[in-house]
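Here you go, sequence then predicted model.
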Amino acid sequence: MKSRREILETGAHACLGAIGLAAIGAAEAGAQPSEEKSAPQRFLLVGLCGSENPTRSNFPFVWASALKEAGNEVRIELAGDGTVMMRTQVANNVTAVGWPPFSQALAKVIEHKIPIFV
């Protein structure tokens, strides 16, 4: 019998796989020419991680920029440890693994005029 930890770990991988498949399906559907233009979708991205996990704290900002560039309506909400990311000193000193510095992601969000709720 699997432990609760094993079930949660495999469930998280299944969720990420489902999200990936949904994104691929959406991209393929968007690539097909259609005569009607669909209304932009609305997204609320919630950031709960702060400077203790720079990679996760970077995701809502990078995704928000990408979604906005795709023509969608986006908002970011920060709660818990995520609120720390709005401090200038923290934002300037956080660098996610494999991503540009957080300050660049934040600058892009501000450039796109994406609302951030703290």
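In hand now; what should we look at?

make it CA atoms for all contacts and neighbour counts henceforth
OK.

How about stretch 99-109, which residues are buried there?
101, 102, 103, 104, 105, 106, 108, 109 (16 or more other C-alpha atoms under 10 Å).

nope, stretch 39-51 is what I meant
Applying 16+ other C-alpha under 10 Å to stretch 39-51 flags 45, 46, 47, 48, 49, 50, 51 as buried.

Could you tell me which of the buried residues of stretch 99-109 are located in helices?
Counting by DSSP state H, the buried residues of stretch 99-109 place 102, 103, 104, 105, 106, 108, 109 in helices.

Let's have the buried residues of stretch 99-109 in TSV, adding pLDDT and distance to residue 87.
Formatted as TSV, the buried residues of stretch 99-109 follow (pLDDT from 0 to 100; distance: C-alpha to C-alpha, whole Å):
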residue	pLDDT	distance to residue 87
101	92	15
102	94	12
103	94	11
104	94	14
105	94	14
106	94	11
108	95	16
109	95	15
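
Who are the packing partners of the host helix or strand of residue 76?
Assessed by DSSP states H and E, residue 76 sits inside strand 73-78. Contacts defined by 3 or more C-alpha pairs under 8 Å, 6 or more residues apart in numbering; DSSP states H and E place strand 73-78 against strand 42-47, helix 54-69, strand 116-117.

repeat that with 10 Å
If you count contacts as 3 or more C-alpha pairs under 10 Å, 6 or more residues apart in numbering; DSSP states H and E, strand 73-78 packs onto strand 42-47, helix 54-69, helix 102-111, strand 116-117.

Let's have those in a markdown table, adding distance to residue 75.
Putting the helices and strands packed on strand 73-78 into a markdown table (distance: least, C-alpha to C-alpha, whole Å) gives the following:
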| stretch | distance to residue 75 |
| --- | --- |
| strand 42-47 | 5 |
| helix 54-69 | 7 |
| helix 102-111 | 10 |
| strand 116-117 | 6 |
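
Between the ones you listed, which one is closest to residue 83.
Among the helices and strands packed on strand 73-78, the nearest to residue 83 by C-alpha to C-alpha is strand 42-47 (8.2 Å).
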